[in-house]
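> okay, sequence plus prediction incoming.
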Protein chains: 2
Amino acid sequence: MANHYDITEYKNPLFTVDSVLFTVQEGALKVLMVKRTSEPFAGRWGLPGGFVNVDIDDNVGMTALRKLKEKTSVAPQYLEQLQTYSGVNRDPRGFSVTLVYFALIAEAQVSTHIATVDDAKWIDLNKLTELPVAFDHKFIIEQAKERLKQKALYSMIPVYCLPEHFTVGQFKLVIETILGKPVQRKSIIRRIEAADMFEKVDEKVKSGGRLAQLYKVKPDVDIVNFERNLSV
Amino acid sequence: MANHYDITEYKNPLFTVDSVLFTVQEGALKVLMVKRTSEPFAGRWGLPGGFVNVDIDDNVGMTALRKLKEKTSVAPQYLEQLQTYSGVNRDPRGFSVTLVYFALIAEAQVSTHIATVDDAKWIDLNKLTELPVAFDHKFIIEQAKERLKQKALYSMIPVYCLPEHFTVGQFKLVIETILGKPVQRKSIIRRIEAADMFEKVDEKVKSGGRLAQLYKVKPDVDIVNFERNLSV
DNA sequence: TAAGTTAATGTCTTAATGACACAATAAATC
DNA sequence: GATTTATTGTGTCATTAAGACATTAACTTA
């Protein structure tokens, strides 16, 4: 079939891909933001992302990964689509569409790299109000946070904010940071056992008291969804 | 700020908006499909949708609604974003991105209109395999169905497949059709009461036995999500 | 050695659903 | 008109997974 489609026939909207990359650092939920160097909103902080490069991206998921790698040098441990945001007024250049991904990473994996660049920063979600943010990205981050909180209630995805080996105590802290509320250690242990996603590592680590058992995610497991929410 | 953005600078991907509109008809889950008149895939059946018209659509949600109204003459009772599908190979014209919405409507609201046009049809999901379908729309429909099944376990959105006034029996049938499994009438009644989304209509209808109480959705209510799934 | 700290387990309570019997009410049949 | 049948709606006990919290385990520090 001949390529008789002419892109100029349609006023195609401006299409970009952005990511909300979360991590938990010192008991605080943080999001990766980059300082914009070009218009619009030059000088303000925005989500890492950009335009699709149809020559090197096989799909828009790869665009999200590519842009994240540019800023963090590694791929996030978890990535899913959040939502698409669109409108005539959200970008001064005209009608725009942004597909936003939602990602998680262990802080230790990237902090050294982030520290070396000055155009990318982990922003504490509680200090987001003070930051000059581009576009509707503040709103988008809030929606991503709500999605993360919701998912933390019925799935184990918060584990993707942790390093390869982790303790129940660390897992508990990550979940509590996301939810903003304490959870029962017992509930987490019950779910770790029920999910069959994790295995004990033959090693224990110091924690100020009794040694803590290390766990890791089994290779190539599916993420388990529970039928019931934590009701903290 | 001057509009110094030149769209030709970037090879912008082809962007379309499609919708998976479900209804329940005679105990079967059906999806609205339209016969394509233009290339690619002319003659095959695809999801209702098309290009954004930046002159009349304020955002892409309006594009989805506009395209659905063209086919059904009414707006669906429920509409949410499903996901975005993209890739270099899904459309012969090149790299394409489709934002897919997921919608519900009461069969009675549209069946008369659908019956008068021959380029739009309700397709039984169990007979989808036989139909020549365009693009990756068969796959997309399956994913939408899974999302609907999942949501039916913890929310009351299946009510949006029902007319304004409905009985518990009708509600039960819709849920069972979506899930493909029987559910306890008692569980539905309990949730109707707990959700506080519904009110009794001062009217009962014949049903072959004892008269059935009619319910309706309260005006302007939020959709309630339960903390626990039905575990049929 | 005792006190303090964190980890892990045991167990009772709580909350929502599943299962199912039973009662209410209307239509069809004898 | 009484009886059967169908469907709606209620009552109640069992089941399941989480919450609450006491108890035990294991290590550190004074």
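Thanks, I have the structure now.

> only C-alpha atoms for contact and neighbour calcs from this point on.
OK.

> which parts of chain A sit against chain B?
For chain A, the contact set with chain B under C-alpha under 8 Å from any C-alpha of the partner chain comprises A:1, A:3, A:5, A:7, A:10-15, A:51-54, A:58-60, A:81, A:83-84, A:86-88, A:92-93, A:95, A:97, A:99, A:227-231.

> tell me if residue A:146 really is in a helix.
Yes - under DSSP: H, G, I helix; E, B strand; the rest coil, residue A:146 sits within a helix.

> any idea how far it is from residue A:140?
According to C-alpha to C-alpha, to the nearest Å, residue A:146 and residue A:140 sit 10 Å apart.

> got it, and residue A:60?
Residue A:60 sits at a distance of 18 Å from residue A:140 (criterion: C-alpha to C-alpha).

> and if you look at residue A:133?
To residue A:140, residue A:133 is 11 Å away according to C-alpha to C-alpha.

> quick check: phi and psi on the residue nearest in space to the middle of chain A?
Compute the mean C-alpha point of chain A, and by C-alpha atoms, centre = their mean the closest residue is residue A:103, 2.3 Å away. Phi and psi for residue A:103, reported as degrees, to the nearest 10, are phi -140, psi 150.

> can you pull the buried residues of stretch A:36-43?
For stretch A:36-43, a neighbour-count test (16 or more other C-alpha atoms under 10 Å in any protein chain shown) marks A:36, A:40, A:41, A:43 as buried.

> strand partners (parallel or antiparallel) of the strand ranked longest in chain A?
Assignment by DSSP state E gives strand A:14-25 as the longest strand of chain A. When pairing is defined by DSSP bridges, strand A:14-25 lines up against strand A:28-35 (antiparallel), strand A:49-51 (antiparallel), strand A:96-104 (parallel).

> most packed of the ones you listed?
The highest average neighbour count among the strands paired with strand A:14-25, using mean count of other C-alpha atoms under 10 Å in any protein chain shown, belongs to strand A:96-104 at a mean of 23.

> ok, and what's touching it?
With C-alpha atoms under 8 Å, 6 or more residues apart in numbering or on different chains as the test, strand A:96-104 has contacts from A:13-23, A:64, A:76-88, A:90, A:144, A:158, A:160-161, B:60, B:84.

> show the buried residues in those.
Neighbour counting with 16+ other C-alpha under 10 Å marks A:13-23, A:64, A:76-79, A:81-88, A:90, A:144, A:158, A:160-161, B:60, B:84 as buried within these.

> near DNA strand C, which residues of chain A are found?
A:167-170, A:185-186, A:189, A:207-214 (C-alpha under 7 Å from any atom of the strand).

> which among these count as buried?
When those are checked for burial by 16+ other C-alpha under 10 Å, the buried set is A:167, A:168, A:169, A:170, A:212, A:213, A:214.

> and the closest residue to residue A:25 other than its chain neighbours, how far from residue B:16?
Excluding the flanking residues, the one nearest residue A:25 by C-alpha to C-alpha, 6 or more residues apart in numbering or on different chains is residue A:107, at 6.2 Å. Counting by C-alpha to C-alpha, the gap from residue A:107 to residue B:16 is 37 Å.

> could you do residue A:22 as well?
Applying C-alpha to C-alpha, the value for residue A:22 to residue B:16 is 29 Å.

> what's the burial count for residue A:146?
Per other C-alpha atoms under 10 Å in any protein chain shown, the neighbour tally for residue A:146 reads 14.

> OK, contacts around it?
By C-alpha under 8 Å, 6+ apart, the contact set of residue A:146 is empty.

> now residue A:175. Its backbone dihedrals?
Per-residue torsions, residue A:175: phi -60, psi -40 (degrees, to the nearest 10).
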